[in-house]
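> model the structure of this input:
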Amino acid sequence: MARGPGLGPQVGLLAGRRRVPPGMTLRAARQPLPDAMRALALFAVLAVNATGYLAAPWGPLLGVRSPPDSGLASAVQGVIAALLQGKGYPMLAFLFGMGLVFATRGTDAIPSAQRGVRRQKRLLKLGLLHGVFIYFGDILTMYALVGWRLLARLHEPWRSLRPRLWRACWWALGVSAVTVAATAFFAAKAGLASLASGSAEPTLAQAQGWMGFWQINAGAYLALQIPALLLFWPVLRLCMLCGVAAARLRLLTHRRWRPALGWWTMRLALPLLMINVGYGVAYVHTAAGSQRLFLLEAVGSMVGPPLACVYVMVLALAARGGQAAWCCWLAPLGQRTLTLYVGHGLLCVALFTGVGMGLQPDTAGMATFSVVLWCLALVAARASGSRRWPLEAWM
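Okay, here's the model as predicted:
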């Protein structure tokens, strides 16, 4: 059986930590490739969040198709399910892990660790405020908690990090499989696998008054934290650990890894893409609000991250070590994704809820909103030059 190019003895050559004499700081230029990837990954998150916003917090992840008999709405929902849903947050977690390593390079260990803890505390505070008052599906809380625990692993010797990566992989696979199996069991046990569930739960779009909005939003955010910790922690931890390893090995930018990236891409891209296309087709043909759709979304959370891994490899190969023009073009937005993420939530509140304008666009309109917002943010980011946006400056 053919074997792919391994990471083998090259790992030991690249995984070591550079030693910096006390009092000295080596500042490296910011790499455009991770920033460009971050901008693209955030687009996936914004598109999924916006498409499902009118049915949030307890409706389908991609909302209720509107108009229900529209071919365009079906196509938009199917494309988002197949290509974007479940792909953005693993990529951002991977890049988050890379960023933790980049933030400590060329600095003294103790000040670097203190700065890392301070940043995670600020991110946790921001996540709590964002989740309670703006968007119930906040991911910053989880990134802060997982990243905080990961700070001690940033410069762990490779002989310890490698088995840790394998254990994290098995944990993530196991938890995902158990989640799907448990969802299928309870749906079948209740006899509701094909029946539409009740739609009496209030939505953010129906909220009247700020207290009503916050009650719905904060209630959903707090109720989802324990399941999120149980189900998503292993996946996010695996993605961040992979990001740590990739940053230390220069896996995405050094040309010695391109043959291995190309080998894996050629063998994984087509089957994983077909699986996710199948998921997208099934999503479109499953009734909104049914327990069967709930089960299908659990399957989507399992098949999405592997395709996100392929996305990372494809982008790394296309970037030519980060020298491609598109990397430099997208990098300014990737440096400002925190403000854009929170700003997207604020705009959704202002435009689509009862405490705002109460707009009710169709499925294609919500997707268009995400595309337009992302493009405008890219133009604004490129025009900002070296000026940081508010939340990046605060962090």
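> every contact and neighbour count from this point should use C-alpha atoms.
Will do.
> show me the contacts for the residue nearest the centre of the chain.
Taking Cα atoms, centre = their mean, the centroid of the chain lies closest to Tyr89, which sits 0.9 Å from it. Tyr89 makes contacts with 41-42, 45, as judged by Cα atoms under 8 Å, 6 or more residues apart in numbering.
> buried ones in the longest helix seen in the chain?
Scanning the chain for the longest helix, with DSSP state H as the assignment, gives helix 158-190. The neighbour-count check on helix 158-190 (16 or more other Cα atoms under 10 Å) flags 158, 161-162, 165, 168-169, 171-173, 175-176, 179-180, 183-184, 187 as buried.
> and the average pLDDT for that helix is what?
Across helix 158-190, pLDDT averages out at 86.
> for it, packing partners?
helix 210-231, helix 233-249, helix 291-319 (3 or more Cα pairs under 8 Å, 6 or more residues apart in numbering; DSSP states H and E).
> for the last one, list every residue counted as buried.
For helix 291-319, the buried set under the neighbour-count rule, 16+ other Cα under 10 Å, comprises 291-317, 319.
> quick one, that helix and helix 233-249 angle?
0 degrees (axes from the mean of the first three to the mean of the last three Cα atoms, to 10 degrees).
> and helix 291-319, how far from the chain's centre?
The chain centroid and the centroid of helix 291-319 are separated by 10 Å, computed with Cα atoms, centre = their mean, to the nearest Å.
> can you point out the buried residues in the next helix or strand after that helix?
Counting by DSSP states H and E, the next helix or strand C-terminal to helix 291-319 is helix 325-334. Buried positions in helix 325-334, judged by neighbour count with 16+ other Cα under 10 Å: 327-328, 330-334.
> ok, stretch 65-85 next?
Along stretch 65-85, these residues count as buried under the neighbour rule (16+ other Cα under 10 Å): 65-66, 73-85.
> what does that stretch contact?
44-45, 47-48, 62, 273, 276-281, 283-284, 288, 300, 304, 362-364, 367.
> with just CA atoms, put it into CSV.
The C-alpha trace of stretch 65-85 is given here as CSV (Å, rounded to 0.1, in the frame of the first residue of the first chain):
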residue,chain,number,x,y,z
ARG,A,65,-35.8,28.3,3.5
SER,A,66,-37.6,31.4,2.1
PRO,A,67,-39.5,31.3,-0.2
PRO,A,68,-40.0,27.6,0.6
ASP,A,69,-40.5,26.6,-3.1
SER,A,70,-37.7,28.8,-4.5
GLY,A,71,-35.0,27.1,-6.5
LEU,A,72,-32.6,30.0,-5.7
ALA,A,73,-33.2,29.7,-2.0
SER,A,74,-32.6,25.9,-2.2
ALA,A,75,-29.4,26.4,-4.1
VAL,A,76,-28.1,29.0,-1.7
GLN,A,77,-28.9,26.9,1.3
GLY,A,78,-27.4,23.8,-0.2
VAL,A,79,-24.1,25.5,-1.2
ILE,A,80,-23.7,27.0,2.2
ALA,A,81,-24.4,23.6,3.9
ALA,A,82,-21.9,21.8,1.6
LEU,A,83,-19.1,24.3,1.4
LEU,A,84,-19.3,26.6,4.4
GLN,A,85,-21.2,25.2,7.4
